[in-house]
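# This is a predicted model, with the sequence first.
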Amino acid sequence: MHIKAVIFYILAAEMLIFSVLAVTSLRILRAAVYLLFALAGTAALYFMVDYFFLAAVQLVVYAGGIVVLIIFSVLLTSHISERIPHPGWAKMSLAAVTTLAAAIITAYTLIEEGFKPAAGEPVTYSMNFIGERMLGYGEGGYVLPFELISILLLAAMIGAIVIAKRTPRP
Amino acid sequence: MKALYDFSILTQSIHMWLSDRYTPAAVTIIEMVLVGVAFMILFAILGLVLVYAERKVSAVIQQRMGPTRVGKWGTAQTLADVIKLVLKEPIINKEADKFLFNLAPFIIMIAAFMAIAALPFAKGLQALDFDIGILYVIAVSSLGVIGILLAGWSSNNKYSLIGAMRSGAQIISYELSVALSLLTIVVLTGSLQLSTIIESQADGWWIFKGHIPAWIAFLIFLIASTAETNRGPFDLAEAESELTAGFHTEYSGLKFAFFFLAEFANMFIVCAIGATVFLGGWMPFHIGHWEGFNAVMDFIPPIIWFLVKVSFMIFLMMWFRWTFPRLRIDQLLTLEWKYLLPINLFNILLMALVALMGWHF
């Protein structure tokens, strides 16, 4: 077996195991850490296929951003001795049915697709190309969505500040 | 002369030697192990040297002698400390989350390992040369904060928790300034690849070529990276007098040593990034058309240049630590959000103007 295939299966197994652990762990901070490992595994996959930009973004946004945010909120709200209560069999069976349905649909779509190896030379995008596309306004440019998302983010930040701001006592 | 110091010849010959004897898969694994072992040895040496340097620098600044007993001039003092730390009993708190408690030091070390892999030590002496170099270093060094937060929470100690929260707030805030000050130079280089950034400084380092904006960026980088590594005067995450060492209060023995080592490794990494982006990495110092002078400078090996620049940056950071009084947490956050960040954003605009008008060299 090719070395890349071996690494792929190791990474895939790691991601699967930690994804399952993330939803089954009864300690909330451990669940967050398992999620971190699963997300880091995704970044490793991107590194493996030489798409470095996406890998770094995955690390910055998910591992460095969202997981840190989750950990921060856990630190502020819960005590070390807390355990998540058992959700009850009715909820668990409902969740199991939903997950199973989603898994079947995904697997079916993937198998139906029947992936073919790409024709021609493999393409690598340079960092400059990605940057120019991201802020380009010509053909294939993404400046409009980029700016729209910035405005959305700004609105969210102002909203968060307004909510968090202490209102003066009347 | 240049070819003599090109490490890619050495690495190529090792690769060829291995390829002749083993299958490609085995070669990949052997090379991974070799690189890993090399960085592990580097970490150990860094720990030994930097701890000793810190003690001597602080001693000189405070007009003391520093370590003098173990070995000549006390040089073996750190080694003795390592033996002491190894022999200590590992203590885990009652009610502490054992898994996370043991995991936290490793997360910090892994983040440091991943970051150091992208550093260019000399021509051809770089484990990972991505086209997103700087972005990668910023990405992986932001993982270290997770280890600190986990360490503080899983210790089941309120001082540790407060230290971890402070540290988290501090690192997340100052990461912005570090990244933005590096971006200021990226405006000039037009590339995030660390090797390209160094090549672009062959005719002069960016701190000289970039005029005033480069100086401002360098100052901001110095302040912000000192804060990002949790070092004094920004070390209120582990302030002994208030928090009894903060997030690593409950750690003892080897795990404590890991935190200590990671702090010094991180200091080395940020100083190396600063030296690479602002001070030309392993590029020798050249002055215009002084052919003779430049030839002499070329004669000094690039790895020496790199280490001298990094040592200079590290000395600056140690100097800060033993000179300035510690900040309060509100002063710390005010400094970042009300001063450094606006100055930084304006500085990038200024640098963009300089680059557009071609005012830099």
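Nice, thanks for sending it over. Numbering: from 1, shown residues only, chains lettered A, B, ... in the order given.
# Please see if the helix or strand bottoming out on mean pLDDT in chain A touches chain B.
For chain A, scoring each helix and strand by mean pLDDT, DSSP states H and E identifies helix A:127-134 as the least confident one, at a mean of 82. Yes. With Cβ under 8 Å from any Cβ of the partner chain as the criterion, chain B is reached by helix A:127-134 at A:127, A:128. C-betas here are computed from N, CA, C, even on glycine.
# got it, and stretch A:74-82?
Yes. With Cβ under 8 Å from any Cβ as the measure, stretch A:74-82 is seen reaching chain B through A:74, A:75, A:76, A:80, A:81.
# That stretch spans what distance, first to last residue?
Stretch A:74-82 stretches 11 Å from its first residue to its last (Cα to Cα, to the nearest Å).
# Run through chain B and note the low-pLDDT ranges.
Residues of chain B meeting the criterion pLDDT under 70: B:1-4, B:237, B:239-245, B:361.
# how about the nearest residue to the closest residue to chain A within the stretch 201-350 of chain B, chain neighbours excluded?
Nearest residue of the stretch 201-350 of chain B to chain A (Cβ to the nearest Cβ) works out as residue B:247 at 11.1 Å. Nearest residue to residue B:247, sequence neighbours excluded (Cβ to Cβ, 6 or more residues apart in numbering or on different chains): residue B:152, at 3.9 Å.
# Sticking with the one you found, tell me its helix or strand.
helix B:144-154 (DSSP states H and E).
# Check residue A:137 too.
Here residue A:137 is assigned to no helix or strand, by DSSP H and E.
# Quick check: closest non-adjacent residue to the spatially most central residue of chain B.
The centroid of chain B falls nearest to residue B:269 when counting by Cα atoms, centre = their mean (1.9 Å). Once flanking residues are discounted, residue B:269 sits nearest to residue B:115: 5.0 Å by Cβ to Cβ, 6+ apart.
# Now do the one you found against residue B:33, distance only.
Distance of residue B:115 to residue B:33, computed by Cβ to Cβ, to the nearest Å: 20 Å.
# With residue A:7 instead?
14 Å.
# So which of the two has more stuff around it?
Per other Cβ atoms under 10 Å in any protein chain shown, whichever of residue A:7 and residue B:33 has more neighbours is residue A:7, with 14 against 10.
# for that one, what are its contacts?
Applying Cβ atoms under 8 Å, 6 or more residues apart in numbering or on different chains, we find residue A:7 in contact with residue A:48.
# Please identify the residues of chain A in proximity to chain B?
A:2-3, A:6, A:27, A:29-30, A:33, A:36, A:40, A:52-53, A:56-57, A:59-60, A:63-65, A:67-68, A:71-72, A:74-76, A:80-81, A:126-128.
# Get me the contact residues on the stretch 151-300 of chain B for chain A.
Residues of the stretch 151-300 of chain B lying near chain A (Cβ under 8 Å from any Cβ): B:152-154, B:156, B:161, B:164-165, B:168, B:172, B:190-193.
# May I have the phi/psi pair for residue B:191?
The phi/psi pair for residue B:191 (degrees, to the nearest 10) reads phi -150, psi 150.
# Surely it and residue B:129 touch.
No. Using Cβ atoms under 8 Å, residue B:191 is not in contact with residue B:129, being 11.6 Å away.
# who has more neighbours, those two?
Just comparing residue B:191 and residue B:129: by other Cβ under 10 Å the higher neighbour count belongs to residue B:191, 19 against 13.
# one step back: the residue nearest to the centre of chain B and residue B:263: what is the separation?
The gap separating residue B:269 from residue B:263 is 11 Å, by Cβ to Cβ.
# again with residue B:279
Counting by Cβ to Cβ, the gap from residue B:279 to residue B:263 is 23 Å.
# distance of residue B:53 from chain A?
30 Å (Cβ to the nearest Cβ, to the nearest Å).
# and that residue, what helix or strand is that in?
Residue B:53 belongs to helix B:24-61, assigned by DSSP H and E.
# How about residue B:316: what's its closest non-neighbour residue?
Residue B:316 sits nearest to residue B:222 (Cβ to Cβ, 6+ apart), 6.6 Å away.
# Was I right to think residue A:54 contacts residue A:45?
No. Here residue A:54 does not reach residue A:45: they are 9.7 Å apart, not a contact under Cβ under 8 Å.
# Next, give phi and psi for residue B:124.
Backbone torsions for residue B:124, taken as degrees, to the nearest 10, come to phi 80, psi 0.
# swap in residue B:122?
Backbone geometry at residue B:122, expressed as degrees, to the nearest 10, gives phi -160, psi 180.
# low-confidence ranges in chain A?
Counting by pLDDT under 70, the ranges of chain A that qualify are A:1, A:169-170.
# Which strands or helices does the longest helix anywhere in chain A pack on?
Taking DSSP state H as the assignment, the helix of chain A that covers the most residues is helix A:89-113. Applying 3 or more Cβ pairs under 8 Å, 6 or more residues apart in numbering or on different chains; DSSP states H and E, one finds that helix A:89-113 contacts no other helix or strand.
# who touches it?
For helix A:89-113, the external contacting residues (Cβ under 8 Å, 6+ apart) are residue A:87.
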